[in-house]
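> this is a predicted model, with the sequence first.
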Amino acid sequence: MSKIIVMTSGKGGVGKTTSSAAFATGLALRGFKTVVIDFDVGLRNLDLVMGCERRVVFDFINVINGEAKLSQALIKDKRIDNLYVLPTSQTRDKDALTSAGVERVLNELAKDFDYILCDSPAGIERGALMALYFADHAIIVTNPEVSSVRDSDRILGVLASRSRRAEQGLEPVTQQLLLTRYDPERVERGEMLKVDDVLEILAIPLLGVIPESQAVLRASNVGMPVILDESSNAGQAYTDAVGRFLGEDIEHRFMAPQKKGLLSRLLRRSA
Amino acid sequence: MSIFSFFRSAPRPSAVQAKERLQIVMAHERAGRAGPDYLPMLQQELLAVIAKYIDIDQNKVEVKLDRGSDCSTLELNIELPAREQLKSAMAAVRKPETKAGGDGLKAGAPLASSEDKKRH
Ligand SMILES: Nc1ncnc2c1ncn2[C@@H]1O[C@H](COP(=O)(O)OP(=O)(O)O)[C@@H](O)[C@H]1O
Ligand SMILES: [Mg+2]
């Protein structure tokens, strides 16, 4: 049975697209046939993060409008078997996402794929609503920062009232927290919300903590999902999170500051 | 904590303030949106009762909802005007906290966790 996952947050710039690319890649690496769909109509970016921007010919909106076949719009990843990208339109606006159109495309994908991952745009308007409406699982991407936490809570409210599962009185959409851009050193200095604080406030299970990492920018520069950078903390943290999503019991890492020598601590303090 | 913070006069960490502010604002927002809408009503009725006896400023009221796994707490924080007016009326009420700018009346009470269960 095909599963639909939405990567959502309410707030923009928190790491949804980065996480969608990493997660989809991680699921495909585990052998699941996976497609990741960009729902951010008008602000296409998933293609760049996945490194397939020059291969976009048709897009999600073309398929919804019947201007192209699904098979013409799907882009097969060059690195990993089982991984496909469905890019969005750069020129239209989010009204192009009709509920019936999205449902038809998702149903067609469901015949072929194990996981359908929807990369949501920011906000709580049409694009974001369409991205979460059909979801079975929601991954709430949150930064340890006040506005992001508040917006995540809004999105939890929307999932509980306006998703298909809520409207049809089905089993609710599962909700898990992916806390990204976490900086353990700032947490230790009392400058950033702790994982536990965010968990206490949002009261949903923790899927993973992705540390703030320079590897993320490096990876996006070259169009490679950061999960493929196996030497990076962020990449490893995403790999762990995918494992947990699949039900494995994996201990959380990268939540404490890395041990530093006394000298560098002294220099840092006085800086 | 490192020894360096020992020498500084340590202000309250900003992350602590972030958490408190979030809890307050989100309790309001959740109450206004989800489930049995008794929270805003409860707040208003409680205020109405207190207002019968004491002159309170409606803007100096904080409502905080803490969610735990088995039990939630509704905490009502009301800043009261002046000590003198209170003495008689408040004799029976516990006063665990005094805030700058006035006395505080704080009441904490566990709530049933029905709302929590829904969210999960
Ligand atoms: N763990 C991280 N460490 C450092 N930078 C990150 C991390 N996650 C995301 N970013 C950066 O944050 C910015 C926004 O990320 P993006 O995934 O586009 O967010 P969204 O899709 O939620 O708008 C990007 O510049 C990205 O490189
Ligand atoms: Mg994005």
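Arrived safely. Note that the structure is a prediction, hence the values are computed from the model and not measured. Ligands and ions are numbered 1, 2, ... in the order given.
> who does the longest helix along chain B touch, helix- and strand-wise?
Counting by DSSP state H, the longest helix found in chain B is helix B:14-33. Secondary-structure packing of helix B:14-33 (3 or more C-beta pairs under 8 Å, 6 or more residues apart in numbering or on different chains; DSSP states H and E): helix A:146-162, helix A:195-202, helix B:38-53, strand B:61-67. From N, CA and C alone the C-beta is placed, and that goes for glycine too.
> the helix or strand immediately after the longest one in the chain and chain B in contact?
When you say that, I think you mean helix A:146-162. Once the chain leaves helix A:146-162, the next helix or strand it forms, by DSSP states H and E, is helix A:164-167. No. Helix A:164-167 is not in contact with chain B by C-beta under 8 Å from any C-beta of the partner chain; minimum separation 10.9 Å.
> can you name the next helix or strand after helix A:164-167?
Taking DSSP H and E, what comes next after helix A:164-167 is strand A:174-182.
> can you tell me the average pLDDT over stretch A:207-221?
The average pLDDT within stretch A:207-221 is 97.
> buried residues in the longest helix of chain B?
Within helix B:14-33, the residues that qualify as buried are B:15, B:18-19, B:22-24, B:26-28, B:30-31, counting by 16 or more other C-beta atoms under 10 Å in any protein chain shown.
> and the least confident of those?
Here the lowest pLDDT out of those sits on B:A31, with 70.
> separation between that residue and B:Q43?
8 Å (C-beta to C-beta, to the nearest Å).
> before we move on, the earlier item: just curious, which of the buried residues of helix B:14-33 is nearest to ligand 1?
Nearest to ligand 1 among these: B:A15, at 18.5 Å, using C-beta to the nearest ligand atom.
> how close does the closest one get to A:S99?
41 Å.
> do the same with A:R164
According to C-beta to C-beta, A:R164 and A:S99 sit 10 Å apart.
> so what touches the helix or strand that contains A:V141?
According to DSSP H and E, A:V141 maps onto strand A:137-142. Here strand A:137-142 makes contact (C-beta atoms under 8 Å, 6 or more residues apart in numbering or on different chains) with A:3-9, A:14-16, A:19, A:23, A:132, A:148-149, A:152, A:155-156, A:159, A:173-180, A:198, A:202, A:204, A:207, A:245.
> what's the average pLDDT for it?
Averaging pLDDT along strand A:137-142 yields 98.
> stretch A:33-47 too?
97.
> list the buried residues of that stretch.
Buried-residue list, stretch A:33-47, by 16+ other C-beta under 10 Å: A:33-41, A:43-47.
> so where's chain A shaky on pLDDT?
Within chain A, the segments meeting pLDDT under 70 span A:260-271.
> near ligand 1, which residues of it are found?
Proximity of chain A to ligand 1 (C-beta under 6 Å from any ligand atom) is limited to residues A:9, A:12-18, A:180-181, A:210, A:212-213, A:216-217, A:220, A:234.
> so A:F32 touches A:N82, yeah?
Yes. Checked against C-beta atoms under 8 Å, the pair A:F32 and A:N82 is within contact range at 6.6 Å.
> neighbour-wise, which of the two wins?
A:N82 (20 against 17; other C-beta atoms under 10 Å in any protein chain shown).
> mind checking how far the more buried one is from A:V105?
Relative to A:V105, and taking C-beta to C-beta, A:N82 is found at 19 Å.
> the residue in chain B that chain A sits nearest to: neighbour count?
As assessed by C-beta to the nearest C-beta, chain A sits closest to B:P13 within chain B, at 2.6 Å. Residues lying near B:P13 (other C-beta under 10 Å) number 15.
> in contact with it, which residues are there?
B:P13 makes contacts with A:189-191, as judged by C-beta under 8 Å, 6+ apart.
> and the residues you listed as a markdown table, adding secondary structure?
Output for those, formatted as a markdown table (DSSP: H, G, I helix; E, B strand; the rest coil):
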| residue | secondary structure |
| --- | --- |
| A:R189 | coil |
| A:G190 | coil |
| A:E191 | coil |
